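Visitor: build me a model:
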Amino acid sequence: MMIIDTILTFSTEWLIYVAIISVLLTGLLWWCFKTVLKVGFTILTTYIAANILKYVFNTPRPAEAVTYFIYDPGFPSGHTAVLAALGMVVLSKNRFLGIIILGLALIVGLARVASGIHFPIDIVGGFVIGSLIGFIFSRWLKV
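Guide: Sure thing, here's the model as predicted:
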């Protein structure tokens, strides 16, 4: 049981940062600095949009979230939105890596539901919003 708790905690809190740093470092090695800036801009924009939408919808989190001292609204999931946007942008550059990151977005979302931090609809909303922002930015920025 301790292994499952460790995996859930890692997926809930740290997997997003590992994915973002990995993509940015990979981008610096394989692509160019300009592309990495565009990806970073997409991540920042998605983060800001998700946090604004949290207060527009103002939906509560599950009761278990209080044990993590999380009091902000739950919909949409910012973690899932950012990883979905990142996945869509990377998908336009590298199909295999993009699919991996979209899969990580789902894993992080499921871990956040299993940990009691989000309801499933928060994850679905975050994934849809992040995917839309990522798709628009991948086309608009010509990543």
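Visitor: name the SS class of Pro73, please.
Guide: Put simply, Pro73 is coil when judged by DSSP: H, G, I helix; E, B strand; the rest coil.
Visitor: mind checking the longest helix of the chain?
Guide: When the chain is parsed with DSSP state H, its longest helix is helix 33-57.
Visitor: report the distance from that helix to the chain centre.
Guide: 10 Å (C-alpha atoms, centre = their mean, to the nearest Å).
Visitor: same question for stretch 115-128.
Guide: In this view, stretch 115-128 has its centroid 11 Å away from the chain centroid, taken as C-alpha atoms, centre = their mean.
Visitor: buried ones in it?
Guide: For stretch 115-128, the neighbour count (16 or more other C-beta atoms under 10 Å) marks 115-119, 122-127 as buried. (Glycine included, C-beta is placed from N, CA and C.)
Visitor: list the helices and strands the strand or helix carrying Phe137 packs on?
Guide: Here Phe137 is covered by helix 120-140, with elements defined by DSSP states H and E. Identification of packing neighbours for helix 120-140 by 3 or more C-beta pairs under 8 Å, 6 or more residues apart in numbering; DSSP states H and E yields helix 33-57, helix 78-91, helix 95-114.
Visitor: which among those is found nearest to Asp72?
Guide: Checking the helices and strands packed on helix 120-140 against Asp72 by C-beta to C-beta gives helix 33-57 as the closest, at 6.0 Å.
Visitor: so His118 is in contact with Pro62, correct?
Guide: Yes: using C-beta atoms under 8 Å, His118 is in contact with Pro62, at 7.1 Å.
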